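Asker: My questions concern the predicted model and sequence given below.
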Amino acid sequence: MVTTKLELRTALGPVYRDVLLTPPRDCTADEIPVIDLAPLFSSELSERQKVAKQIRSAAVNTGFFYVRNHGIADSTIAKAKQRGLDFMKQTPEEKDKLSSRKYSKYFNGYTGYASTNISPSESVDVRESFSFRYSPELDPDHPMDISEIPAEVRPWIRAEKFVWEGTAHIPDYKKDWVAYWGSCLTLARRLVKAFALSLDLPEDYWDEKVTHPGADSVFNYYRPRTEEETKQKFVGLGSHTDLQLFTLLWQDSIGGLQVLTKEGQWIKAPPIEGTIVVNIGDYMMRLSNDTYKSTVHRVTNESTLERVSMPFFFGLNFNCVESVIPSCVSPSNPAKYEPISCGDWCQMRFKIEREAFDKKAAAAKLAPSAVVVEA
Ligand SMILES: O=C(O)CCC(=O)C(=O)O
Ligand SMILES: [Fe+2]
């Protein structure tokens, strides 16, 4: 089989994967199953366990699944999407007022076209994005002022006001985004209980550790690739794994998300109406001693239309230093990893990514937006 080497960035440095050169194929229902979450809202533990069992099976296999009956209203999704588009349709100058590079300490705000290069083996990302992070006063489950939250968590709160100040002119921008983000957060807190069950842990195992969690919302905007970009195999968002416990990903109907199987085959994760994609992140893989798979994925918008997606990255409270889960360790399978906090874990890779990009841009002696990397 002819393969190519793919380099991936992890918080611990580069890792390499062999990837088949066969073109991406459609996924099967076994590879990326659709899980009905309705039983998760049942008062019967046995019902909730049924969901947990399906989650386990998907998480040890491809690490990706779809959920339906997830509880997030279509109208909440539609409004957030529209606000995201309202933002992206502004002039470059207007968007630049929210520049993450210029104004954020914590990677909040706007990143422009070709200003990231998530995969060292692929092109710069043909993507724009808008991001914001957990803010205690916006928490739908227990809103509180930052001064009220425990002192050990407070330094880890990564919210920044400029994202809302710089978008205050867009009607309902904050309101509609916070509604979507809040719905994702509530769903994630429900799902983390199912993940606990799925790993033979008490259902409330993580409850005290997701009171002020990693809860990062992103709006991804992928314009159609130009002919030249297609010829040069530009990616929308290059190959990567997500960082935290798990990601909730809403994608529109355009398609373009691809997932790398254990065999090194790219498979397509097509849009399925009424569902949200859930995928395992690196921190979950680490805590589960590699039982659950944080799977490589990427996006290429090959359509002639714009594509948008809205991921929500969920982790533990950033101060929580966690060891490998006891149920994932045995005498013949000892813990492979030292304890680390979710916050440190994320910060390590963000830093690696940005430094690598800046180095590449400097080496090319070009403005970052002009850097082109071999596909
Ligand atoms: O746009 C997508 O479908 C996926 C986005 C993604 O993987 C990410 O933002 O981490
Ligand atoms: Fe991702």
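Answerer: In hand now; what should we look at? Numbering: from 1, shown residues only. Ligands and ions are numbered 1, 2, ... in the order given.
Asker: And stretch 274-286, what's buried?
Answerer: Of the residues in stretch 274-286, those buried under the neighbour-count criterion (16 or more other CB atoms under 10 Å) are 275, 276, 277, 278, 279, 280, 281, 282, 283, 284, 285, 286. Every C-beta, even on glycine, is put in place using the N, C-alpha and C of the backbone.
Asker: go on, stretch 313-326?
Answerer: Applying a neighbour-count criterion of 16+ other CB under 10 Å, the buried positions in stretch 313-326 are 313, 314, 315, 316, 317, 318, 319, 320, 322, 324, 325.
Asker: Then stretch 323-338?
Answerer: By 16+ other CB under 10 Å, the buried positions in stretch 323-338 come out as 324, 325, 328, 329.
Asker: need the residues of this structure near ligand 1, please.
Answerer: Of all the residues in the chain, those in contact range of ligand 1 (CB under 6 Å from any ligand atom) are 218, 220, 237, 242, 249, 251, 257, 297, 299, 309, 311.
Asker: what's the closest of the residues you listed to residue 349?
Answerer: For the residues of the chain next to ligand 1, the residue nearest residue 349 by CB to CB is residue 242; the value is 10.1 Å.
Asker: Can you tell me how far that closest one is from residue 123?
Answerer: Counting by CB to CB, to the nearest Å, the separation of residue 242 from residue 123 is 20 Å.
Asker: circling back: could you single out the nearest of the residues of the chain next to ligand 1 to ligand 1?
Answerer: When these are compared for distance to ligand 1 (CB to the nearest ligand atom), residue 309 wins out at 3.2 Å.
Asker: So which of the residues of the chain next to ligand 1 are in strands?
Answerer: Cross-referencing these with the strands (criterion: DSSP state E) gives 218, 220, 237, 249, 251, 257, 297, 299, 309, 311 as the overlap.
Asker: returning to what we had before: show me which pair in the buried residues of stretch 323-338 is furthest apart.
Answerer: Based on CB to CB, the longest span within the buried residues of stretch 323-338 runs between 325 and 329 and measures 7.4 Å.
Asker: what about residue 102, how many neighbours?
Answerer: Neighbour count for residue 102, taken as other CB atoms under 10 Å: 11.
Asker: what's the pLDDT at it?
Answerer: Note on residue 102: pLDDT of 95.
Asker: contacting residues for it?
Answerer: With contacts taken as CB atoms under 8 Å, 6 or more residues apart in numbering, residue 102 has the following neighbours: residue 96.
Asker: Can you pull out the low-pLDDT segments for the stretch 201-350 of the chain?
Answerer: Applying pLDDT under 70 to the predicted model, the stretch 201-350 of the chain contains no residue that meets it.
Asker: Could you dump the buried residues of stretch 323-338 into TSV with secondary structure added?
Answerer: Formatted as TSV, the buried residues of stretch 323-338 follow (DSSP: H, G, I helix; E, B strand; the rest coil):
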residue	secondary structure
324	coil
325	coil
328	helix
329	coil
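Asker: Residue 25: which of those is nearest?
Answerer: The nearest one, if we look at those relative to residue 25 and count by CB to CB, is residue 328, at 31.6 Å.
Asker: does the residue nearest to residue 71 when sequence neighbours are not counted sit in a helix, a strand or a coil?
Answerer: With sequence-adjacent residues excluded and distances taken as CB to CB, 6 or more residues apart in numbering, residue 71 is closest to residue 187, at 5.8 Å. With three-state DSSP as the basis, residue 187 sits in helix.
Asker: can you tell me which residues contact the most far-flung residue of the chain relative to its centre?
Answerer: With distances taken as CA atoms, centre = their mean, the residue sitting farthest from the centre of the chain turns out to be residue 331, at 33.2 Å. Residue 331 makes contact with no residue, according to CB under 8 Å, 6+ apart.
Asker: May I see the buried residues of the helix or strand hosting residue 46?
Answerer: Residue 46 is located in helix 45-60, with elements delineated by DSSP states H and E. Neighbour-count burial for helix 45-60, with 16+ other CB under 10 Å as criterion, is recorded at 48, 49, 50, 51, 52, 54, 55, 56, 58, 59.
Asker: Kind regards, and thank you for your time.
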